[in-house]
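Asks: Sequence first, predicted coordinates after that:
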Amino acid sequence: MVTDELGELRIQVQRLEDQLCEELRVERHARHHDDLTGMPNELSLQKHLKRTSGCWFVVCDLDGFKAYQDKRGSHRAGDKVLCAFSQFLQSCTRQKDDRGKDDVRRRMACRLHGDEFVVVTQTQEGAEGIAQRIRGWSFKGQVTSSVGVGRTMALADASMYRAKRAKRSAKRVRVLKWVLGAVALVGLVWWSPLIKTQVLSWF
C-alpha cells in the first residue's frame, strides 16, 4: 500500500517537473522570438553575436509598407506582408552562396522592430548573395525592400538608408519624366491647330 502511494507520488512529481520544464521552454522561446513572425528577435541577435565573431550584416527595411497597410485600413494586411517577408528572408538564409564559403548553419535572420530586419552571415560573399535575393523581393508589386550590407550593424544600416534614398530619388525622376512628357503631349495637342492654321495662312 505504501509502495503504491510512493509510486503514485513519484509519477505526480515527474509530471509537475515535466510541466514546469515545458513552461520554462515556452517562456524562454517567447522571450527570444517575435510574436508575429516567430523569427528570432533582437535579444536572440545579441546572444548570437556574443558567441560569434567576424560577422557581416544585411539590414533591410520594407518600402511602401505603411502605404499598403493604410490603403487597406487594417493591421492584418500589414501582418501578412511581414509574415510573407520573414518566410522569404529565412529561406534566403538557407541558400548557399555561389562560392560555398558561408556556413548556412551559422547564419541568423531576425526581426528587429516594425518592418526592419537583419541577417547575420560569416562572409561578405554570403551577405552580398542574400542582399541580391532580397532586392528582387516584392509583395504584390506594392511593397519592396531596401537593403544594406556592412561589416557592422551601423555600416549596414547606413548603407540601407543610402539605398532607400537612391530609390526615392529614382522614383522622383521617373515621376518628373512622366509629368514632363504629359505636359509636352498636352502642349503639342493644344498648339497643333494653331500651328496648322498659321502654316496654311502662308499660302
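Replies: Yep, it's here. Residues are numbered from 1 along each chain as shown.
Asks: any idea how far residue 77 is from residue 59?
Replies: Separation of residue 59 from residue 77 (CB to CB, to the nearest Å): 24 Å. Placement of C-beta: from N, CA and C, glycine included.
Asks: out of those two, which sits in the busier spot?
Replies: Between residue 59 and residue 77, counting by other CB atoms under 10 Å, residue 59 is the more crowded of the two (25 against 14).
Asks: and the more buried one, that's in a helix?
Replies: No - counting by DSSP: H, G, I helix; E, B strand; the rest coil, residue 59 is not part of a helix but strand.
Asks: didn't it look like it was pressed against residue 150?
Replies: Yes - between residue 59 and residue 150 a contact is recorded at 7.5 Å, counting by CB atoms under 8 Å.
Asks: list residues touching both of these two?
Replies: The contact sets of residue 59 and residue 150 overlap at 156-157, 159 (CB atoms under 8 Å, 6 or more residues apart in numbering).
Asks: In helices only, show me these.
Replies: 156-157, 159 (DSSP state H).
Asks: Sort out which of the residues you listed are buried, if you could.
Replies: Neighbour-count burial (16 or more other CB atoms under 10 Å) applied to these gives 156-157, 159.
Asks: For residue 144, grab the count of nearby residues.
Replies: 19.
Asks: so where does the closest residue to residue 58 other than its chain neighbours fall, helix or strand?
Replies: Sequence neighbours aside, residue 119 is the residue nearest to residue 58 in space, at 4.2 Å (criterion: CB to CB, 6 or more residues apart in numbering). In this assignment (DSSP states H and E), residue 119 forms part of strand 116-121.
Asks: Could you give the secondary structure assignment for residue 148?
Replies: strand.
Asks: mind checking pLDDT for it?
Replies: The score at residue 148 is 97. That number is its pLDDT.
Asks: what about it, distance to residue 83?
Replies: From residue 148 to residue 83 the distance is 23 Å (CB to CB).
Asks: The two: which has the busier surroundings?
Replies: Each of residue 148 and residue 83 has its neighbours counted (other CB under 10 Å); residue 148 has more, 23 against 14.
Asks: Residue 166 is in contact with the more buried one, correct?
Replies: No - counting by CB under 8 Å, residue 148 does not reach residue 166; the two are 11.0 Å apart.
Asks: which residues touch stretch 128-137?
Replies: Residues from elsewhere that reach stretch 128-137, judged by CB under 8 Å, 6+ apart: 58, 60, 85, 88-89, 92-93, 95, 97-98, 102, 119, 121, 144-145, 147-149.
Asks: Give me the distance from it to the chain's centre.
Replies: 11 Å (CA atoms, centre = their mean, to the nearest Å).
Asks: do stretch 84-99 as well
Replies: In terms of CA atoms, centre = their mean, the centre of stretch 84-99 is found 11 Å from the chain centre.
Asks: Give the rounded mean pLDDT of that stretch.
Replies: Mean predicted confidence for stretch 84-99 is 83.
Asks: This completes my enquiry, with thanks.
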